[in-house]
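*Asks:* next input, structure requested:
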Amino acid sequence: MGNDQSPARGTGFSQNAIDKMMETSEFFDNTSQEFIQTTADKLRLCLIEHKDILKAQSDWIAPLGILLALLTSVITSDFNDFLGIAGATWETFHLGAMMACSVLLLRSGVRAYRLRGKGDIEQIINSLKLGFVSEPPKINDAIQKPVEIARITPKIFSDNFESFEGWSDYQAGRVVHTSEQRYSGTHSLKKELENDPHGGYKTIGKKINRGILFSGFLFRPRDYSGGNGERLALENEKFSGYGFAIVHRSNIVWIERRDYGEFVRISKQVSFEPPENEWYRFEFRIGLYGSLDLVLKDPLDYPIFQLSDVEDKKYQFFDRIAVHGGYEYYVDNLDISSI
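*Replies:* Sure, this is the predicted structure:
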């Protein structure tokens, strides 16, 4: 019978030649791909938001066209009586329609300006990634530990500030229950008096491990009177843990560690102009294996800032939320979930 010297099917090489090549050759794999695990509802929501953004970016065209047509009519026409309606009435109607179109043009123009640079394919992909992947695996770690994927789990903690139970002042700071601003419902938390580290805190009621997503909404009025940073953190009973700083005027953001309440900057300072006079969302992930990352999103839930590739493993457990930083600013709808 002997060795099979016939060509391998479809190659033109004998099986012996192929075996010899496999033994003496070196092969390199360059076929790595990114995969996103998501749900139909999440994908549907992303596509709907994408469609809404594209629509909002062009909504100003129609009122502008109508406004120009009306303006041309007012400038070039003599308004005469027609269909039993006086010419002056026709002129008043045109002027009123111009005012209405001007208001629509202004509103749609402002919204289109705020959404500039958004709505492309990469935005959809990044939104799907940020909604589910807590931290990408490193190549060297791929065999040692699994990829962390966020799944739908019951919240560990939630506070919508419809009541104010459990909140206490920290050092000389003050946090109060207020209806001056709120993202939803009727009330929110307001940070008053004294700059960092002074503020307030609330215990969660149990110790929680790393592998968590801390999220909520922030509002900074333009006419604030104190320090210019929003700084929230998850901390332990000694007020040690991890948080972030979003600094106005200087327009920088960083991730920080808290050692007995005092901050230690553990990331680079990244330039970013934080929103003012509007609510925006933060998502702060404390990864199970030491990673930390911060994502900020606009009211449409599209990412407007991301800071990642930060690592610190000093603290493993947390039992409270702390509100530090300057004043005044507002906090609403705080959540902590497992990832």
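
*Asks:* all helices for the chain, in order.
*Replies:* Along the chain, the stretches classed as helices by DSSP state H are 15-24, 40-58, 61-76, 87-114, 121-132.

*Asks:* adding distance to Ser158, mean pLDDT and mean neighbour count, write these out as CSV.
*Replies:* Backbone N, C-alpha and C define where each C-beta goes, glycine included. Supplementary listing: the helices of the chain in CSV, determined by distance: least, Cβ to Cβ, whole Å; pLDDT from 0 to 100; neighbours: other Cβ atoms under 10 Å:
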stretch, distance to Ser158, mean pLDDT, mean neighbour count
helix 15-24, 57, 69, 11
helix 40-58, 20, 72, 14
helix 61-76, 41, 86, 14
helix 87-114, 29, 85, 14
helix 121-132, 18, 65, 15
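
*Asks:* need the pLDDT of the residue positioned nearest the centre of the chain.
*Replies:* In the chain, the C-alpha nearest the mean C-alpha coordinate belongs to Lys297, at 2.6 Å (Cα atoms, centre = their mean). We have a pLDDT of 95 for Lys297.

*Asks:* low-confidence ranges, the stretch 201-339 of the chain, go.
*Replies:* Along the stretch 201-339 of the chain, the model assigns pLDDT under 70 to no residue.

*Asks:* what about the strands in it?
*Replies:* 212-219, 229-235, 241-247, 252-259, 262-265, 270-271, 279-286, 291-297, 303-311, 317-325, 329-338 (DSSP state E, counting those that start in this stretch).

*Asks:* now these as a markdown table including distance to Phe164?
*Replies:* As requested, those are arranged in a markdown table below (distance: least, Cβ to Cβ, whole Å):
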| stretch | distance to Phe164 |
| --- | --- |
| strand 212-219 | 15 |
| strand 229-235 | 17 |
| strand 241-247 | 21 |
| strand 252-259 | 23 |
| strand 262-265 | 26 |
| strand 270-271 | 33 |
| strand 279-286 | 19 |
| strand 291-297 | 26 |
| strand 303-311 | 29 |
| strand 317-325 | 13 |
| strand 329-338 | 12 |
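
*Asks:* please identify the most buried of the ones you listed.
*Replies:* strand 229-235 (a mean of 25; mean count of other Cβ atoms under 10 Å).

*Asks:* quick one on the thing from earlier: wait, what's in contact with the residue nearest to the centre of the chain?
*Replies:* Neighbour list for Lys297: 280-283, 303-304 [criterion: Cβ atoms under 8 Å, 6 or more residues apart in numbering].

*Asks:* let's see that with 10 Å instead.
*Replies:* 127, 130, 215, 217, 280-283, 303-306 (Cβ atoms under 10 Å, 6 or more residues apart in numbering).

*Asks:* before we move on, what about Ser77?
*Replies:* So Ser77 contacts 87, 90-91, 94 (Cβ under 10 Å, 6+ apart).

*Asks:* adding distance to Arg210, write those residues out as TSV.
*Replies:* Output for those, formatted as TSV (distance: Cβ to Cβ, whole Å):
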residue	distance to Arg210
Gly87	75
Trp90	70
Glu91	69
His94	65
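
*Asks:* nearest to Leu234, of those?
*Replies:* His94 (59.6 Å; Cβ to Cβ).

*Asks:* so how far is Lys155 from that closest one?
*Replies:* For His94, the distance to Lys155 equals 55 Å [Cβ to Cβ, to the nearest Å].

*Asks:* same thing with Asp293?
*Replies:* 20 Å.

*Asks:* before we move on, what about Phe318?
*Replies:* Distance from Phe318 to Lys155, by Cβ to Cβ: 15 Å.

*Asks:* wait, Ser163 sits on Lys202?
*Replies:* No: judged on Cβ atoms under 10 Å, Ser163 makes no contact with Lys202 at a distance of 11.5 Å.
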